[in-house]
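Novice: Model the structure of this input:
(chains A and B)
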2 protein chains.
Amino acid sequence: MPITVPVLPAGVDPAWLPPEALRPLGSRRTLVDGSGPLVETVHGEVAQGCARFGGAVVRDSHTRGPRGVPGVSYASEASETSYDLVLRVVRDGNAHRPRHADLGPLRDLGEEGFVHERAGGTTTITASGQRGLLYGLFHVVRLGEDAFRGDRTPEAHRPATELRMLDHWDNVAVHPVMGQVERGYAGGSLFWRNGRPVADLERVRGYGRLLAACGINAVSVNNVNVHEAEAHLLTDRVGDVARIADVLRPYGIRTHLSVNFASPVLLGGQDCADPLDTAVRAWWAGAARGVYAAVPDFGGFVVKADSEGQPGPFTYGRSHADGANMLAAALAPHGGTVHWRAFVYDHRQDWRDRSSDRACAAYDHFAPLDGEFADNAVLQVKHGPMDFQVREPVSPVLGALPRTRVAVEVQATQEYTGQQQHVCWLGPMWSEVLRFRPEGERGAAVGESARGGMVAVSNVGDDLFWTGHPLAQANLYTFGRLAWQPDADPRRILDEWIALTFPSAAERLANGLRTVLQHSWRTYEKYTAPLGVGFMVQPGHHYGPGIDGYEYSPWGTYHFADRDGIGVDRSAATGTGYAAQYAEPWAALYESRDSCPDELLLFFHHVPYGHVLNSGKTVVQHIYDTHFEGVEEAEEARRVWAGLAGLVEPARHARVAERYEEQVRCAREWRDQVNSYFLRKSGVPDERGRAIY
Amino acid sequence: MPITVPVLPAGVDPAWLPPEALRPLGSRRTLVDGSGPLVETVHGEVAQGCARFGGAVVRDSHTRGPRGVPGVSYASEASETSYDLVLRVVRDGNAHRPRHADLGPLRDLGEEGFVHERAGGTTTITASGQRGLLYGLFHVVRLGEDAFRGDRTPEAHRPATELRMLDHWDNVAVHPVMGQVERGYAGGSLFWRNGRPVADLERVRGYGRLLAACGINAVSVNNVNVHEAEAHLLTDRVGDVARIADVLRPYGIRTHLSVNFASPVLLGGQDCADPLDTAVRAWWAGAARGVYAAVPDFGGFVVKADSEGQPGPFTYGRSHADGANMLAAALAPHGGTVHWRAFVYDHRQDWRDRSSDRACAAYDHFAPLDGEFADNAVLQVKHGPMDFQVREPVSPVLGALPRTRVAVEVQATQEYTGQQQHVCWLGPMWSEVLRFRPEGERGAAVGESARGGMVAVSNVGDDLFWTGHPLAQANLYTFGRLAWQPDADPRRILDEWIALTFPSAAERLANGLRTVLQHSWRTYEKYTAPLGVGFMVQPGHHYGPGIDGYEYSPWGTYHFADRDGIGVDRSAATGTGYAAQYAEPWAALYESRDSCPDELLLFFHHVPYGHVLNSGKTVVQHIYDTHFEGVEEAEEARRVWAGLAGLVEPARHARVAERYEEQVRCAREWRDQVNSYFLRKSGVPDERGRAIY
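Specialist: As a prediction, the model looks like this:
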């Protein structure tokens, strides 16, 4: 029985899989050849498309698929050339062969890869595993009519990394401060509501389908800050997890769980959670067995340990490798992975002490542990050394542990980038991170060397548009596609997203969407914290400007502005030494204020307001100029969007238009507060005499 | 049947009425002469004291009091001279006369006054009303053994004002941000818990007794921000109010209610809440009848209208006199009073606009309405023009409405003065306000002219020590006593509180308490916002330093510090004109930066950091010096308190000691943040080279 396409609740946006997106495929004659649950998903997708658009889907007669399904006929190999599209899983010992003898790479495709070719009027997707077939299907969907034109020599596609994951910071119980979803800006949780699992998981199934269509294959279903109710998901509430896993599995997605390092104490009645304690290790082994009994393909654990108040191995004088390896050992017999977060720093720092530098912390903690982590342990590293600011250098940790499986963590949820009230398409930022070569210009790019995969904090909730701001869907889609192919041009991915989401878009609409999205990250950067200095946000909720909001706090996030200058001296010569955590040429590049890229200058150096940037402007004039420009760009984007009325469904247009009002209001607030702050502090007037208060 | 003294739950501090405080009276022979419920309260107090300390209490045979109460005997007038203490209510037509023919003032004492005399070994309290007898009783308690020494010619005592009120900002339902008690730092509410009334009101009875003992006669039982659950206290939940009123009544306390101006819409199904609408007026009249049916001596309504988002008459184009008079009309037939708060300002101000000044708002709104308010309307005015900062000028509104009953509102709950983590005895500040003569040096003092009485926001909750910080009890006591006698020396009141609270205190303890309390307000001022500038607090919770916390906010609370200087120009000549709201000589005094008192300089003027104060110091050096001094004084107070261990019950000593740790930590944070902020901004080094960051 093929799996049917999920039916979303009324009003829920279909995102990048509107029915129309399936027309090119659904209007044709397709053979689906293979067996297994994910092949059923593929078959269901095609069958649904055909039912809608008049095509036909046929199951191969050799497969062991179900028979007698109404409306489905069965074909023999002989008739293959009569199909427009063949979707086939080939396994060792399978009687079916690829049509081309030169498909040697097929055997290297793994479970997730596929070969795409077109000849004699037939487009063929050949995969050696079921997931590959699913991804091949969505590849055809993305290509649309192009998939059925001309000939195409065989192309092998496979993801750059095995782990392409979304971490949900969803709480089971509503947290008194953080709510149902920590740093969530898209309504409630898809999984949890007021302490209970969501009853109807059809929406989750629709989510799984969207994720499969952009290549994501792992989801962690609860917040990395694991509070009381959430801790129990590991044991007596594992059934709640299994229900979600059952729904995500047909889309090739493995379910993961954030766990509390102190679980043996909290849940197991143990005296301690020492990772070298035999009873503790046995407890975790038992817990893992229990999880796998409920979820046979469970992905593994995500752990935030010794971080912002969460418990961890430091309590017992153990290293983070000890902690991670204990959990890895519990998961190993079952094929699970532990994602161990490297976000460890002193969040009770004394702002008076300029020698301490939070940016140094992850490297200092983890670089010495290279080679000590188990094979099924992944060190999950935030892309920058601080915390998802609009501009940070790439974390030196990403180049510091060659013998460790490292994952790059990015934040799709826009905690520091406008909280889905502002348009801020993060594709270019993530792409910069993935293309960075931490070991030097001839070393591997982050996107190649991060063997632990890519992780994003999800920006999705139960909002009708999934992401609060309809245009923030592009961030989720882009993340999935970049995780699959880290060296992809993000602009191409954006075009994909536009074409899928708006399949009948006039060119004017497509151009308009490109215009408002493409440079939106730079626009956001322009009107917020300047030159990489970061953290000029309102404390707590992190929305809107608070120039000194974190300046005298214990969080280690300072800009040190005084009447003469601003910035953090992180040089080795006179500063905190952070620049020296990089390999050459980066260490030297960042060490000198002359060679340091403008956009990171204040991250690495404390300079006078009159310091002249490579751009030829002084720092303070740059601040004024970018802040005026940023607002103008936001206003212009709002104008462009207004001009698209009539080309977009009214509800979506209205939602975006309304958020542009807020974005422009907030951008002006940023502009005026930042400019006034620096005028008051520096006394340097704007060269162009614009209004500063 | 005499009312028994309340039995407080285990562990609750007896505050300023420990059993020992009743010893001087309870060890003697007392005649109680009069009838009525409050006389029963007096009798109960004396009887309880006698039961404990061996004295005897006798009811006069002519009273209509109950007979046959076990342990109580009844005396005739003839035996009067054989008593140590006579407590007597004398009414017109009463057969009993005052012993002295020259007691003319007796008939001017009103319901609350009393005459105190001593002759022939008998101390006599004579009152013309029951409340007067109650206050006379506690007068004797305060005097202690002195009440029974020598002779004393008759002294008349009566309160300066009829209304001496505590406003509780207690929510019925827990507010998601503000909690059970808005700006409460003493645990939960005495009245409400999680949406329901507190079941056992014995604690409330104990509270009423404490209030009676310091002269408070009115309590408002819910927050001036009247949310959904609280609104219903006016109608279907008035029974909850009646229960509280029943418990407070025997202590001479009338119960008041904060009401939502939009109640006719919220609760009554009316189309509007227009104060001139006939149906609306009828609705309020009916609501008032309903309240008085449940609470015959109900005090009246407290209203926060058109203030910080609360509804009000502006919605209907009506004046605040219209609004207040509508409620006054509803209350008048029953003898009730409306307390109408003057805290009306634009809380969505644009920080860019320096011509707007929140300080001007109350005067601008209310001064033109003088003479328009009904006789039973009281205009409740915060003591300063802003919001309970540690230092503000006295509100010019207090001198601007001679034909209006104005009440002075102060804040016993230490929202901006250390939140009951810091010792900050506010007696001297309140006394300065009450002694200020708004109409000029020969005009009446605020304490004389405020015919609407005195109101404090209560600092009490269900904490074991009532006020979180045990020493914060002194603020509540001092408020009550100053409300009774606004020209009293607050240091004398502090001594009273010490003597009552620690009846067997060694002189060293009394001296220690005096030392840590007497100058604590100035100490707090020294280490927080300098020279009257105010509002350098963390946004939202208002605890701890946030120098720029409100600088770019919509709240109208700015200091305008730049690299050259700081302060708000409120002069008439060049600033917002606020100074001109005062009568002379104050207007001229504040107008000039030369004559403006140092402690208010930055409230009235924007001056360069190098401006020399009357003290001879520059502004910036004053900032540095006071901040170092403030911390030293807090450290010294902590040291003094530590030295009192052994003289104070361990639980109380520990609670205070623990809070001193926090106070010193926080004071250092204030010192370092304020000093660093001004060093970074001004560039002027500390003359004494102390550590600034």
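Novice: element containing the residue nearest the centre of chain A?
Specialist: Chain A has A:Ala456 as the residue nearest its centroid, 2.6 Å off, counting by C-alpha atoms, centre = their mean. Element membership of A:Ala456, judged by DSSP states H and E, is strand A:453-457.
Novice: Show me the strands paired with that strand, marking each as parallel or antiparallel.
Specialist: strand A:164-167 (parallel), strand A:405-411 (parallel) (DSSP bridges).
Novice: Can you get me a residue count around A:Gly150?
Specialist: Neighbour count for A:Gly150, taken as other C-beta atoms under 10 Å in any protein chain shown: 7. All C-beta spots, glycine's among them, are computed from the backbone N, C-alpha and C.
Novice: ok now do it, which residues does it touch?
Specialist: A:Arg118 (C-beta atoms under 8 Å, 6 or more residues apart in numbering or on different chains).
Novice: Now the residue in the stretch 501-650 of chain A that chain B sits nearest to. Nearest residue, chain neighbours left out?
Specialist: Relative to chain B, the nearest point of the stretch 501-650 of chain A is A:Asp562 (3.6 Å; C-beta to the nearest C-beta). Setting aside the residues directly before and after it, A:Asp562 is nearest to B:Arg680 in space (C-beta to C-beta, 6 or more residues apart in numbering or on different chains), at 3.6 Å.
Novice: what does A:Val303 give?
Specialist: A:Trp340 (5.3 Å).
Novice: Please tell me how far the one you found sits from chain B.
Specialist: Distance, A:Trp340 to chain B, using C-beta to the nearest C-beta, to the nearest Å: 34 Å.
Novice: who's that residue bridged to?
Specialist: Bridge pairing for A:Trp340 - DSSP bridges - gives A:Val303, A:Leu379.
Novice: Check it and give its pLDDT.
Specialist: Predicted confidence (pLDDT) for A:Trp340: 98.
Novice: residue contacts, it?
Specialist: Counted by C-beta under 8 Å, 6+ apart, A:Trp340 has contacts A:Val303, A:Ala305, A:His320, A:Gly323, A:Ala324, A:Leu327, A:Phe373, A:Ala377, A:Val378, A:Leu379, A:Gln380.
Novice: Narrow the residues you listed to just the buried residues.
Specialist: Among the contacts of A:Trp340, the ones that count as buried by 16 or more other C-beta atoms under 10 Å in any protein chain shown are A:Val303, A:Ala305, A:His320, A:Gly323, A:Ala324, A:Leu327, A:Phe373, A:Ala377, A:Val378, A:Leu379, A:Gln380.
Novice: Closest to chain B out of those residues?
Specialist: A:Ala305 (28.1 Å).
Novice: that older thread, which outside residues touch the strand holding A:Ala456?
Specialist: Contacts for strand A:453-457 (C-beta under 8 Å, 6+ apart): A:161-169, A:183, A:218, A:339, A:378, A:380, A:407-413, A:415, A:434, A:476, A:479, A:482-483, A:486.
Novice: Quick check on those residues: which are buried?
Specialist: A:161-169, A:183, A:218, A:339, A:378, A:380, A:407-413, A:415, A:434, A:476, A:479, A:482-483, A:486.
Novice: For the residue in the stretch 351-500 of chain A positioned nearest to chain B, which non-adjacent residue is spatially closest?
Specialist: Nearest residue of the stretch 351-500 of chain A to chain B: A:Arg352, at 4.3 Å (C-beta to the nearest C-beta). Leaving aside its sequence neighbours, A:Arg352 sits nearest to B:Tyr693 (C-beta to C-beta, 6+ apart; 4.3 Å).
Novice: Could you give the number of residues near that neighbour?
Specialist: 16.
Novice: Was I right to think it contacts A:Tyr558?
Specialist: No - assessed by C-beta atoms under 8 Å, B:Tyr693 is found out of contact with A:Tyr558, at 10.6 Å.
Novice: Need the overlap of contacts for those two.
Specialist: A:Trp351.
Novice: Which positions within whichever strand or helix holds A:Ala651 qualify as buried?
Specialist: Per DSSP H and E, A:Ala651 falls inside helix A:650-682. Neighbour-count burial for helix A:650-682, counted by 16+ other C-beta under 10 Å, picks out A:652-653, A:655-656, A:659-660, A:663-664, A:666-682.
Novice: Tell me the helix or strand right after the strand holding A:Ala456.
Specialist: helix A:473-484.
Novice: Now stretch A:545-565: average pLDDT?
Specialist: On average, stretch A:545-565 scores 97.
Novice: Residues of chain A that sit close to chain B?
Specialist: Along chain A, the residues adjacent to chain B under the rule C-beta under 8 Å from any C-beta of the partner chain are A:351-352, A:538-540, A:545, A:547-548, A:552, A:561-564, A:669, A:672-673, A:676-677, A:679-683, A:693.
Novice: hmm, back to that, you'd agree the residue nearest to A:Asp562 is up against A:Tyr558?
Specialist: No - contact criterion C-beta under 8 Å: B:Arg680 and A:Tyr558 do not qualify, at 11.5 Å.
Novice: mind showing which ranges of the stretch 51-200 of chain A have poor pLDDT?
Specialist: Regions of the stretch 51-200 of chain A meeting the criterion pLDDT under 70 cover residues A:61-80, A:92-107.
Novice: quick one: the helices in it?
Specialist: A:130-143 (DSSP state H, counting those that start in this stretch).
Novice: closest point of it to chain B, which residue?
Specialist: Closest point on the stretch 51-200 of chain A to chain B, by C-beta to the nearest C-beta, is A:Pro176, at 8.4 Å.
Novice: can you tell me how far that residue sits from B:Pro176?
Specialist: 8 Å (C-beta to C-beta, to the nearest Å).
Novice: Which single residue of the stretch 201-350 of chain A ends up nearest chain B?
Specialist: A:Asp350 (9.3 Å).
Novice: Please list all residues in contact with that residue.
Specialist: With the criterion set at C-beta under 8 Å, 6+ apart, A:Asp350 makes contact with A:Ser356, A:Pro554.
Novice: Equivalent analysis for A:Gly540, please.
Specialist: Applying C-beta under 8 Å, 6+ apart, the residues contacting A:Gly540 are B:Gly540.
Novice: Before we move on, what's the pLDDT of it?
Specialist: pLDDT, A:Gly540: 93.
Novice: Okay, and it sits in which element?
Specialist: Secondary structure (DSSP H and E) places A:Gly540 outside all helices and strands.
Novice: and A:Asp108, how many residues sit next to it?
Specialist: A:Asp108 has 10 nearby residues by other C-beta under 10 Å.
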